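[1] sequence and computational prediction follow.
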Amino acid sequence: MAPSFSTLPDEILSKILEQVYVEDSESLATLCQVNKQLYHLETAILHRSVNITPLKLVKLSEMDTRGSGGNLRGNVAKFARDVSVKGEGFDRAILAGLLSEMKSLGTIRPHGNKPFRGQS
């Protein structure tokens with residue numbers, strides 16, 4: 001008898017989820033609803049790359065002050081490695097605050113995907 005899906009080690013499931021993300025990120029978001037184990041594994045994958053627009057920045061900042069959506073803001077802060085900043089009219093103080101919360105941040109790209117100065 002083949003092992004059940006839930007008995008596979010997290011390392012194997014993470015590799016499977018990463019491949020699903022490469023193929024179709026929307027499918028990964030749906031797949032995470034299967035069980036808690038997959039949800040916890042996929043959270044880091046789904047929040048690895050983030051696109052921030054002025055509207056998204058306002059919503060993320062409101063999540064902090066209202067107390068709702070804190071899980072999303074926390075996941076972005078914890079797992080985001082690559083951030084694309086798209087659009088104009090950002091509140092620079094709010095943007096700087098959010099970026100300072102991102103513990104794994106590697107690359108910040110402005111609109112047009114050219115890295116900011118000082119970044120590769």
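    Yes, it's here.
[2] center of the chain - which residue?
    His47 (1.3 Å; CA atoms, centre = their mean).
[3] so who does that residue touch?
    Applying CB atoms under 8 Å, 6 or more residues apart in numbering to His47 gives the contacts Asn75, Val76, Lys78, Phe79, Ala80. The way it works is simple: take the backbone N, C-alpha and C, and place the C-beta from them, glycine included.
[4] so how far is Phe79 from Gly106?
    Gly106 sits 12 Å away from Phe79, going by CB to CB, to the nearest Å.
[5] neighbour count for these two, which is higher?
    Legend: neighbour count by other CB atoms under 10 Å for Gly106 and Phe79, higher for Phe79 (18 against 12).
[6] tell me the pLDDT at that one?
    Here the pLDDT value assigned to Phe79 is 90.
[7] what domains does the record give for the protein?
    8-46, 49-110 (automatic domain parsing).
[8] among the contacts of His47, which one has the most neighbours?
    Going by other CB under 10 Å, Ala80 tops the contacts of His47 with 23 neighbours.
[9] which phi and psi does it have?
    Backbone geometry at Ala80, expressed as degrees, to the nearest 10, gives phi -60, psi 130.
[10] residues contacting it?
    Ala80 sits in contact with His47, Arg48, Ser49, Val50, Met102, Ser104, Leu105, where contact means CB under 8 Å, 6+ apart.
[11] with Lys103 instead?
    So Lys103 contacts Ala77, Lys78 (CB under 8 Å, 6+ apart).
[12] any idea how far Leu60 is from it?
    As judged by CB to CB, Lys103 and Leu60 stand 16 Å apart.
[13] same deal with Glu18?
    25 Å.
[14] quick one, helices of the chain?
    With DSSP state H as the criterion, the chain has helices at 10-23, 25-31, 36-46, 54-66, 70-79, 92-101.
[15] His111 is nearest to which of those?
    helix 54-66 (11.2 Å; CB to CB).
[16] buried ones in the closest one?
    Residues of helix 54-66 classed as buried: Pro54, Leu57, Leu60, Ser61, Met63, Asp64 (neighbour count, 16 or more other CB atoms under 10 Å).
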